[in-house]
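J.: following is a predicted model, sequence given first.
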Amino acid sequence: MTRSRLLGGGTAGNEQLTAVTGVLLIVLLAVLGVTILFIGRLIWLHLFLGLALLGPIVLKIASTGYRFVRYYTRERTYVAKGPPHLLLRALGPGVVLTTLVVFVSGIVLMLQGPSDRHVTLLIHKVSFFAWLAFTGLHVLGHLPGLGRSLQAVRAEGPDHGLGSADGAAGRWIVLIGAVLAGVVLAVALIPHFSVWTAAGAFPHHGEH
């Protein structure tokens, strides 16, 4: 496999990786949202998905951050492409910060157990609603260009030969690796789910 098929792609490749990771996150986060509605019965799935999402989330932040770094360090092709819309740039720090707070507080909650959850649970809830607002606006802002990016991904996907375009193989390897890393982490921490899945962990229906 040539170097270009692993590391090539430039700004278009970065955009495609960011787009497909974003769509994956939207789907998984929608499922996670369903578990919130039935948290008493689906707490195990809520915990598992929350941990499994960490891999794709890190990849999404990294791919987006990479574009910013290349643009602000004046790399020619990224400067030519231009920065994201001003509103999206303004939303970016809020999306990243609230994402970190939601997921870090969720991990702390899992490790603390239900008996010591009160302050951490409040942080988790408040940051979740802030995250929902920032992320909703972020997704809406990216919708116009999402279809074009996904069409490009489909054209170079596994059915058309993995690595058939510059950087395609590398992008698929990174994406699959991020998903697997999150799943491995979730599986490794399953023993910590027991204090939450035990009877009585959620005395009030719908508590998150």
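T.: Good, I have the coordinates.
J.: what's the longest helix in this structure?
T.: Looking across the chain with DSSP state H, the single longest helix is helix 118-155.
J.: just checking, what packs against it?
T.: helix 10-37, helix 86-112 (3 or more Cβ pairs under 8 Å, 6 or more residues apart in numbering; DSSP states H and E). C-betas here are computed from N, CA, C, even on glycine.
J.: next one: it to chain centre, how far?
T.: 8 Å (Cα atoms, centre = their mean, to the nearest Å).
J.: the inter-axis angle of that helix versus helix 10-37?
T.: Direction vectors for helix 118-155 and helix 10-37, defined by axes from the mean of the first three to the mean of the last three Cα atoms, to 10 degrees, enclose an angle of 140 degrees.
J.: quick one: helix 118-155 to helix 86-112, angle?
T.: Helix 118-155 and helix 86-112 meet at an angle of 130 degrees, taking the same axes, to 10 degrees as the criterion.
J.: quick one: list the elements packing against the helix or strand following helix 118-155.
T.: Later in the chain than helix 118-155, the nearest helix or strand by DSSP states H and E is helix 168-188. Here helix 168-188 touches helix 3-7, helix 10-37, helix 39-52, helix 54-72, going by 3+ Cβ pairs under 8 Å, 6+ apart.
J.: give me the mean pLDDT for the third one.
T.: Helix 39-52 shows an average pLDDT of 94 in the prediction.
J.: CA-only coordinates of it in CSV, if you can.
T.: What follows is helix 39-52, C-alpha atoms only, in CSV (Å, rounded to 0.1, in the frame of the first residue of the first chain):
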residue,chain,number,x,y,z
ILE,A,39,-32.6,5.0,32.0
GLY,A,40,-33.9,2.7,34.7
ARG,A,41,-34.0,-0.2,32.4
LEU,A,42,-31.3,0.7,29.9
ILE,A,43,-28.6,2.1,32.3
TRP,A,44,-26.3,-0.7,31.1
LEU,A,45,-26.6,0.4,27.5
HIS,A,46,-26.3,4.0,28.5
LEU,A,47,-23.0,3.3,30.2
PHE,A,48,-21.7,1.1,27.4
LEU,A,49,-22.5,3.5,24.6
GLY,A,50,-21.2,6.5,26.6
LEU,A,51,-17.8,4.8,26.9
ALA,A,52,-17.8,3.4,23.3
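J.: what separation do you get for the most centrally placed residue in the chain and Val139?
T.: Central residue of the chain (Cα atoms, centre = their mean): Ile57, 2.7 Å from the mean position. Separation of Ile57 from Val139 (Cβ to Cβ, to the nearest Å) stands at 14 Å.
J.: in this structure, what helix or strand scores lowest on average pLDDT?
T.: Here the helix or strand of the chain ranked lowest by mean pLDDT, DSSP states H and E is helix 3-7, holding a mean of 57.
J.: picking that back up, okay, the helices and strands packed on helix 168-188 in JSON lines with distance to Val79 next?
T.: Listed next are these as JSON lines, based on distance: least, Cβ to Cβ, whole Å:
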{"stretch": "helix 3-7", "distance to Val79": "20"}
{"stretch": "helix 10-37", "distance to Val79": "10"}
{"stretch": "helix 39-52", "distance to Val79": "36"}
{"stretch": "helix 54-72", "distance to Val79": "6"}
